[in-house]
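Novice: Got a predicted structure plus its sequence, pasted below:
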Amino acid sequence: MNRILIAHVLKLIFQKDAPDSMKASWYSSITENRFRVQQDLLANPSFKSYLDEALSKAYNDGEN
């Protein structure tokens, strides 16, 4: 799981007073990284069995 994706989602949730230009950059990054995750899952269906573990690790990495 992409830790940048998780980090930018968390920033949007918790940094509500961030400038709009910064938020726009985060939204763009989220869109791009979601696409990459989807492509990885399509190319490697076996990754789905690791999704919960990967999401948990990426969340912890994104908080730091």
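Specialist: Alright, I've got the coordinates.
Novice: So which elements touch the longest helix along the chain?
Specialist: Determined from DSSP state H, the single longest helix within the chain is helix 20-43. Under the contact criterion of 3 or more Cβ pairs under 8 Å, 6 or more residues apart in numbering; DSSP states H and E, helix 20-43 touches helix 3-14. The way it works is simple: take the backbone N, C-alpha and C, and place the C-beta from them, glycine included.
Novice: if we can go back for a sec, the longest helix of the chain versus helix 3-14: what angle between them?
Specialist: 140 degrees (axes from the mean of the first three to the mean of the last three Cα atoms, to 10 degrees).
Novice: So for helix 20-43, what gets flagged as buried?
Specialist: For helix 20-43, the neighbour count (16 or more other Cβ atoms under 10 Å) marks 26, 29-30, 33, 37 as buried.
Novice: Need those residues in CSV (columns: distance to Ile4 and pLDDT).
Specialist: As requested, the buried residues of helix 20-43 are arranged in CSV below (distance: Cβ to Cβ, whole Å; pLDDT from 0 to 100):
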residue, distance to Ile4, pLDDT
Trp26, 10, 96
Ser29, 6, 96
Ile30, 9, 96
Asn33, 6, 92
Val37, 11, 89
